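[1] Mind folding the following:
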Amino acid sequence: MEFKYYGKPWLQAFKGVFFILLGILSMLQIYGSMQSAAIIFSFFIGLTGFVLFVAPVILKIKINRAWNFILGSANLAFALLIILKMNGLRMDIYVIIVYWMLFNAIAELIEAGILFLRKNAFFALFGIHFLLSLLMGSGFYNLIGNIDEQRLFNMGLIALVFGLVNELSAYMLSIKKPE
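    I've put the predicted structure just below:
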């Protein structure tokens, strides 16, 4: 096992910035921040999906092309669902986000498996992201039935930590250059 180049460190940096913003908004508990967070969430998921879908074509990347198309399509579908439910019940948005976090956790686990099979030691980072995605999903799930200040703050703290871990991961993934 050795550290090998990973072609998408930007994705971890992007996720990191998003989760840091989400964490700060949730911890500050500004009135209307969950509507803003939903808009940011849909933008983030949609932009991620678009880039994952288009980048392999533009950059002519052959490795994991089908996997990137699947991830991109699913992210675009989740973004569209959030946009469609924007004026509905807040709980509907939370449910969609919980499902997206579960999808994200599974995607991180699959990414870890792909890296493990390629004998890339960075698979451990994606194992950590898998666990943190499950924790974030749990935080949103706890908000579905009962929103109170403490639960919202706890979810924000988890998002902040997850964002910082993603930023550190992006830095680590970008150190090893392609050979």
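
[2] Name the helix or strand of the chain that has the lowest mean pLDDT.
    In the chain, no helix or strand scores lower on mean pLDDT, DSSP states H and E than helix 33-58, which sits at a mean of 78.

[3] Pull out the buried positions in that helix.
    The neighbour-count check on helix 33-58 (16 or more other C-beta atoms under 10 Å) flags 33-34, 37-38, 41-42, 44-46, 48-49, 51-53, 55-56 as buried. C-beta here means a position set from N, CA and C on the backbone, and glycine is covered the same way.

[4] Which residue ranges of the protein form helices?
    9-28, 33-58, 65-84, 90-117, 123-145, 149-175 (DSSP state H).

[5] of all the ones you listed, which has the lowest average per-residue confidence?
    Confidence, taken as mean pLDDT, is least for helix 33-58 of the helices of the chain (a mean of 78).

[6] Let me know the angle separating that helix from helix 149-175.
    20 degrees (axes from the mean of the first three to the mean of the last three C-alpha atoms, to 10 degrees).

[7] What helices and strands are in contact with helix 33-58?
    Helix 33-58 sits against helix 9-28, helix 65-84, helix 90-117, with contacts defined as 3 or more C-beta pairs under 8 Å, 6 or more residues apart in numbering; DSSP states H and E.

[8] can I get the ones you listed in TSV with mean neighbour count?
    Formatted as TSV, those follow (neighbours: other C-beta atoms under 10 Å):
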stretch	mean neighbour count
helix 9-28	19
helix 65-84	17
helix 90-117	18
